[in-house]
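1. Fold the following and give me the result.
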Amino acid sequence: MKLTRGQLLGAAAAGALGVAGVYELVDHLVEAPTRHFGEGRAPEQHLLDGMQIVEDNGVEVVVPTLHHEVVTATLKLEPGSSELADARRRLELVLRELEDEFVGTPEGLAVTVAWGLPYFRRFTPRQADRHLPVDRRASELRARPVGALLPAIRFPSDAPGVVLEQNHVAFLLRSDVQENIQDGGQRIFKALDGAVEMTSVRKGFAGGGFDGGESLPKQMAVAAGVQGADLIPETAELFLGFTSTQQKALGPPRIVNFETLGWVDLRDSGYFAGGTHMHVSHLFENVEAWYLDFDFTERVDTTFRPRLEVEEGTQTVPMGPEEVVGAAQVRHDFRRYGVIGHSASMQPVTRLQEDVHGSDGTLYVKGTAIPQRADFNTLDNPFFWTSRPERDGFVDEPSPGIHFVVFNPSSDDFHRGRLAMDGVLPDGTRLPFEQGDRGQGFNSILRVTHRQNYLVPPRRHRSFPLSELSA
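-> Below is the predicted model of the structure:
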C-alpha cells in the first residue's frame, strides 16, 4: 500500500520509521534467501557478515540484503553542552541493546552510523583539526593537507539543482526483515529524542531472481505501476537489468578502511583506524528510456565497455581483475565508437593499478576492486519522508530510482571515480561529452537529486565521535 503525500507529511517524523508503505510488498513478494550465520560484529561498522554467495552465468555473486533504509538528521544541541555527552551515552546504549538482540548478519540487523562534515565543524572543530584523517594522495596533488572527508561536489553530468546536503548524521540500516529495520530505527530515534531532528527517511530494496523466480525490482516496479516496469527482465537484480554485486566487482573486506591501502594518514592518535568514508546520493532512473532507446548491445556497451561480446539476455557479466581495462583503452573506445562504458571508464580509478600489500599484510592483486557498494533500488520520490518537502521536491507518486550508498577510502577517492564516469580520467584527459550525452550510457538516463559525504568511525567511536575528547 502506498501512502499519500498528505499522510506522509501529516505524520510525525518518527512515525515514518514505523511505516513501510509500498515497501510492505517486499515481504509478500519474495522469501528471504538462506543465509549462514557468520561472526556478526566486526570492529568496522561498514562490514556485514553472513552474506550468501551464489553463482550466476559462472560468476560468483553476493546476494544483497532485501531491505535498506537511510535516515538522516541534524543535532538540536549546543556545542559543548552537557546534553551532548548525555546524547552520546544514550545512542551507544541503544546501539548495544540492538546488537545484543539482533545478530549482525542479514537475518538480524546491521546499523552503520556515519557523520557529516557539518557535525565535526560545529561540535568538535578543535578535536577534528587534530584527529580527522588526511588524504595523502590528494594532499600531494594539491600541495596542501586535504582531509579524507570533504564536502560533496557537483559533477559535469549533474543537472542544475542538485542538493548538496548538510546533515550531521546518517544511519544506514540493513536486514532481510523489514520489521527489524523499523524496530531499530524507532528505538534509535526514541533514545535520541530531544537531541536530533530527523531530516529524511529513505527506503528501498534489492535482490531476488537468482533462484529463477521473478525478482524483487521487477515485481515492485510492476506493483507500483512505474513506466517501463514491463520491460525489466524477469530475474533482474536491479531495475536496469544487469547484476551489480559480482563478488570480484566489490571491494574485499577492509580494503576501504582508512589504514588499509596507505592512502590515508590516520594522524598520531589513530582514532579513526577501522573507519571509512561513505557517500550517499539519490538518483532517478528513466527505466522506460533505458529499455526502449537502447537495444541489448547498446546497454552492454554503455554499462561495461563498447563491443564487449555478451550473449543476448545475459544479466551477470564477469567483472574480475582479468576484465579490467586502463585509461588508454577507454580513450581508444571513445575515439572509435563515441562511447565509454560505465564500468570501464571508472576502472582506471576504482581498481588497483598494481599489487598492494595492505596494512595487515594482505595482498591485493592488480585489478582488485576498491569501492564497496551498498546501493539499493527505491520507489521514493526522492525520499520516503522529508522534513523539507519543498526544497527536496517531494512527490507522493512512486518513481524508480536508486539510493546510491558506497564506501571508499576517502572523499577524494570517490570523487575520482565519479569524475571518470563523466569522462574525466585520472591522467587529466577530459572526453568531450555534453550533458545527457547518449555516449555516456547510464548518465543519459540518470538524474541525481541529492548527495553528501560522510565519515564512518570504527564501532568503538560510532557515537558522537571526538565529543568525549577535551578540546
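
2. Now the most centrally placed residue in the chain. Nearest residue, chain neighbours left out?
-> Centroid-nearest residue in the chain, with C-alpha atoms, centre = their mean: Val405, separated by 0.7 Å. In space, Val405 comes closest to Ala374 once its chain neighbours are excluded; the distance is 4.3 Å by C-beta to C-beta, 6 or more residues apart in numbering. The C-beta positions use only the backbone N, C-alpha and C, and glycine is treated the same way.

3. Is it correct that the one you found is in contact with His68?
-> Yes - taking contacts as C-beta atoms under 8 Å, Ala374 lies within contact range of His68: 7.5 Å.

4. list residues touching both of the two?
-> Shared contacts of Ala374 and His68, defined by C-beta atoms under 8 Å, 6 or more residues apart in numbering, are found at Leu172, Arg174, Val405.

5. Which of those sits closest to Val201?
-> Of all the shared contacts of Ala374 and His68, Val201 sits closest to Leu172, with 12.1 Å by C-beta to C-beta.

6. what bits of the stretch 251-400 of the chain have low per-residue confidence?
-> Scanning the stretch 251-400 of the chain for pLDDT under 70 picks out no residues.

7. what helix or strand does the residue nearest to the centre of the chain sit in?
-> Following DSSP states H and E, one finds Val405 within strand 401-408.

8. Pull out the buried positions in the longest helix along the chain.
-> Secondary structure of the chain per DSSP state H: the longest helix is helix 82-101. Neighbour-count burial for helix 82-101 flags Leu84, Ala87, Arg88, Arg90, Leu91, Glu92, Val94, Leu95, Leu98, Glu99 (criterion: 16 or more other C-beta atoms under 10 Å).

9. Out of the residues you listed, which comes closest to Ala128?
-> Nearest to Ala128 among those, counting by C-beta to C-beta, is Leu84 at 14.5 Å.

10. Relative to Phe123, how far out is that closest one?
-> Leu84 sits 7 Å away from Phe123, going by C-beta to C-beta, to the nearest Å.

11. Common neighbours of those two, please.
-> Shared contacts of Leu84 and Phe123 (C-beta under 8 Å, 6+ apart): Leu77, Phe464, Ser467.

12. right, and out of those residues, which lies closest to Gly213?
-> The closest of the shared contacts of Leu84 and Phe123, once distances to Gly213 are taken by C-beta to C-beta, is Phe464, at 43.9 Å.

13. Quick one: neighbours of the closest one, just the number.
-> Using other C-beta atoms under 10 Å, Phe464 is surrounded by 26 other residues.

14. pretty sure Phe442 is in a strand, no?
-> No - read with DSSP: H, G, I helix; E, B strand; the rest coil, Phe442 is helix and lies in no strand.

15. the strands in the stretch 201-350 of the chain, which residues?
-> Taking DSSP state E, counting those that start in this stretch, the strands of the stretch 201-350 of the chain run over residues 264-265, 276-285.

16. Burial check on His332, number of neighbours?
-> 13.

17. brain fart, Leu419
-> Other residues lying near Leu419 total 20 when counted by other C-beta under 10 Å.

18. element containing it?
-> Per DSSP H and E: Leu419 is located in helix 411-421.

19. by contact count, what packs against that helix?
-> Counting contacts by 3 or more C-beta pairs under 8 Å, 6 or more residues apart in numbering; DSSP states H and E, helix 411-421 packs against strand 134-135, helix 136-142, strand 276-285, helix 342-350, strand 401-408.

20. packing partners for the second one?
-> So the one you mean is helix 136-142. By 3+ C-beta pairs under 8 Å, 6+ apart, helix 136-142 packs against strand 264-265, helix 411-421.

21. Show me where the stretch 51-200 of the chain has its strands.
-> With DSSP E, counting those that start in this stretch as the criterion, the stretch 51-200 of the chain has strands at 53-56, 59-62, 67-75, 110-116, 134-135, 163-164, 169-175, 196-205.

22. what angle do the strand holding Val405 and helix 411-421 make?
-> 130 degrees (axes from the mean of the first three to the mean of the last three C-alpha atoms, to 10 degrees).

23. Parallel or antiparallel, list what pairs with strand 401-408.
-> strand 276-285 (antiparallel), strand 372-373 (antiparallel), strand 376-378 (antiparallel) (DSSP bridges).

24. got these as a markdown table, with mean neighbour count columns?
-> Shown next, in a markdown table, are the strands paired with strand 401-408 (neighbours: other C-beta atoms under 10 Å):
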| stretch | mean neighbour count |
| --- | --- |
| strand 276-285 | 25 |
| strand 372-373 | 20 |
| strand 376-378 | 26 |
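
25. Number of residues surrounding the closest residue to Gly212 other than its chain neighbours?
-> Of all residues not flanking Gly212 in the chain, Thr235 sits nearest, at 6.7 Å (C-beta to C-beta, 6+ apart). For Thr235, the count of nearby residues is 20 (other C-beta under 10 Å).

26. got a list of what Thr235 touches?
-> The contact partners of Thr235, by C-beta under 8 Å, 6+ apart, come to Gly208, Gly209, Phe210, Gly212, Gly213, Glu214, Ser215, Lys218, Gln315.

27. Highest neighbour count among those residues?
-> When neighbours are counted by other C-beta under 10 Å, Ser215 leads the contacts of Thr235 with 27 neighbours.

28. tell me how far stretch 393-405 is from the chain's mean position?
-> Relative to the chain's own centre, stretch 393-405 is displaced by 15 Å; criterion: C-alpha atoms, centre = their mean, to the nearest Å.

29. Over to it now: how far is its first residue from its last?
-> Separation of the first and last residues of stretch 393-405 by C-alpha to C-alpha, to the nearest Å is 21 Å.

30. now do stretch 257-267
-> End-to-end distance of stretch 257-267: 14 Å, with C-alpha to C-alpha as the criterion.
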